[in-house]
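Peer 1: Need a 3D model of the sequence below.
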Amino acid sequence: MNTGMFRNEVEMTYEKVKSLAGWTVDKDVVLTITSYYVTSEREFDAESLNRAMDAIKDKTGWFSPLRGNLLPMIAAFLDRPDVVIEEEVTRLFDKQRMLRSVGFRNTIHSYLAALLMTDDPDLYEMEARQAKALFVEMKKQHYFLTSDDDYAYAVLLGNRGFNPVEHAKAMRLYYDTLRKQGFRGGNELQWMSQVLTYIEAPFQESNVLRAHEITNFLKEKAKVRQVHYPMIGFLTVFGIQDKELEKILDLTQSLEETKILKGKREMALSISIGYVLNELIENQTALSVSLATSTELIIQAQQAIMAATIAAMASSAATNSSNS
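Peer 2: Okay, the predicted model is just below:
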């Protein structure tokens with residue numbers, strides 16, 4: 001789809017999602033859901049998404065991590081074409097219970113991580129244990145930065161089957177090297193360093209150099225913030241070329257002119273990167289399909305994680321304001 005069509009699709013989908021979500025759902029979550037449907041080129045179906053949300057509610061108590069701002073987001077992930085939504089919800093809960101059984105906490109992030117597990121019940125335990133082993137090593141390398149918001153990455157990367165000790169060491173080396181290249185430290189840089197180990201676990205200096213080139217290229221016409229670091233990591237490992245980067249910038253500039261992104265300009269770049277990445281994924285060879293599918297999910301899961309963080313900060317600010 002061309003730039004104009006893409007912009008119109010984002011605007012129309014946003015209004016549909018906003019109408020369904022209502023005023024209680026944070027705008028970042030609405031934009032994230034919009035991004036999910038548009039970047040994956042799926043038609044938004046309010047009735048279908050409602051059924052998915054109801055199916056989740058039927059299996060959760062009032063204090064479940066799913067009973068919050070991100071309920072529509074999780075429902076959107078599960079609401080895929082040609083699925084029986086009740087079966088999808090049951091499968092999600094089975095996966096999340098397996099993650100909890102190996103030591104992951106009962107938070108929204110363990111549900112996001114569960115989304116990235118395969119659908120074969122015989123593999124649940126192995127995947128959960130691989131993820132936990134990697135998470136433990138990640139924690140050793142970055143004790144204060146590593147927390148439940150790294151669960152999704154632990155599942156995604158644990159499934160690659162690399163040696164967890166060496167894998168985590170490579171992540172730390174990427175982090176430190178990226179810092180020296182001018183990237184700002186923090187959770188987002190840690191996520192980026194994790195992403196750079198996705199195709200090959202051993203440290204590759206060329207990945208750092210390319211990530212730096214991509215960042216500078218995007219900075220010429222867009223505001224690149226820390227929140228974009230993980231997605232830049234995906235652009236790097238998938239070998240995206242300057243031609244695709246130009247397309248990302250064209251889409252970003254078009255979206256920045258819309259009213260729906262007023263005050264949320266960083267989402268324009270996020271949505272545009274997601275869309276171009278999805279196009280790249282669709283053009284991968286059959287051999288890469290399983291990797292690509294997981295990558296598409298982790299990109300969206302990352303957006304949900306960011307939205308959850310923003311929503312939590314907004315809630316905290318509102319509480320502090322009311323108490324002052």
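Peer 1: how about the residue nearest to residue 230 when sequence neighbours are not counted, secondary structure?
Peer 2: Distances taken as Cβ to Cβ, 6 or more residues apart in numbering place residue 191 nearest to residue 230, at 4.2 Å, with adjacent residues excluded. (C-beta placed from N, C-alpha, C; glycine too.) For residue 191, the assignment made with DSSP: H, G, I helix; E, B strand; the rest coil gives helix.
Peer 1: ok, residue 191 - contacts?
Peer 2: Residue 191 makes contact with 150, 153, 229-230, 233, 302, according to Cβ atoms under 8 Å, 6 or more residues apart in numbering.
Peer 1: Now do the phi/psi pair for the closest residue to residue 53 other than its chain neighbours.
Peer 2: Excluding the flanking residues, the one nearest residue 53 by Cβ to Cβ, 6+ apart is residue 75, at 4.4 Å. When read as degrees, to the nearest 10, the backbone of residue 75 gives phi -60, psi -40.
Peer 1: What of residue 163?
Peer 2: The phi and psi values for residue 163, taken as degrees, to the nearest 10, are phi -60, psi 120.
Peer 1: That one: neighbour count?
Peer 2: Per other Cβ atoms under 10 Å, the neighbour tally for residue 163 reads 13.
Peer 1: buried set for stretch 85-104?
Peer 2: Buried residues in stretch 85-104, defined by neighbour count with 16 or more other Cβ atoms under 10 Å: 85, 88-89, 91-93, 95-96, 98-99, 104.
Peer 1: swap in stretch 118-136?
Peer 2: 124, 127-135.
Peer 1: For that stretch, C-alpha coordinates in PDB please.
Peer 2: Extracted in PDB, the C-alpha atoms of stretch 118-136 (Å, rounded to 0.1, in the frame of the first residue of the first chain):
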ATOM      1  CA  THR A 118       4.700 -22.600  20.200                       C
ATOM      2  CA  ASP A 119       1.300 -24.200  20.100                       C
ATOM      3  CA  ASP A 120       2.600 -27.700  20.800                       C
ATOM      4  CA  PRO A 121       1.800 -28.700  24.400                       C
ATOM      5  CA  ASP A 122       4.600 -31.300  24.300                       C
ATOM      6  CA  LEU A 123       7.100 -28.500  24.000                       C
ATOM      7  CA  TYR A 124       5.700 -26.100  26.700                       C
ATOM      8  CA  GLU A 125       7.900 -27.400  29.500                       C
ATOM      9  CA  MET A 126      11.100 -27.400  27.400                       C
ATOM     10  CA  GLU A 127      10.500 -23.900  26.100                       C
ATOM     11  CA  ALA A 128       9.700 -22.600  29.600                       C
ATOM     12  CA  ARG A 129      12.900 -24.100  31.000                       C
ATOM     13  CA  GLN A 130      15.000 -22.800  28.200                       C
ATOM     14  CA  ALA A 131      13.600 -19.300  28.800                       C
ATOM     15  CA  LYS A 132      14.200 -19.500  32.500                       C
ATOM     16  CA  ALA A 133      17.800 -20.700  32.000                       C
ATOM     17  CA  LEU A 134      18.500 -17.800  29.800                       C
ATOM     18  CA  PHE A 135      16.700 -15.300  32.000                       C
ATOM     19  CA  VAL A 136      18.800 -16.400  35.000                       C
END
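Peer 1: Off-centre distance for it?
Peer 2: Chain-centre distance of stretch 118-136: 19 Å, with Cα atoms, centre = their mean, to the nearest Å.
Peer 1: Am I right that residue 154 is in contact with residue 136?
Peer 2: No - contact between residue 154 and residue 136 fails when scored by Cβ atoms under 8 Å: they sit 9.1 Å apart.
Peer 1: How confident was the prediction at the residue nearest to residue 230?
Peer 2: According to the predicted model, the pLDDT of residue 191 comes to 94.
Peer 1: before we move on, back to that, from the buried residues of stretch 118-136, which is closest to residue 167?
Peer 2: Nearest to residue 167, judged by Cβ to Cβ, of these is residue 134 at 6.1 Å.
Peer 1: host element of that closest one?
Peer 2: Residue 134 is located in helix 124-141, with elements delineated by DSSP states H and E.
Peer 1: and if you look at residue 69?
Peer 2: If you go by DSSP H and E, residue 69 is not part of any helix or strand.
Peer 1: Quick one: neighbours of it, just the number.
Peer 2: Residue 69: 21 surrounding residues under other Cβ under 10 Å.
Peer 1: for residue 144, same thing?
Peer 2: If you count neighbours by other Cβ under 10 Å, residue 144 ends up with 6.
Peer 1: Please narrow the buried residues of stretch 85-104 to those residing in helices.
Peer 2: The helices, defined by DSSP state H, take in 85, 88-89, 91-93, 95-96, 98-99 from the buried residues of stretch 85-104.
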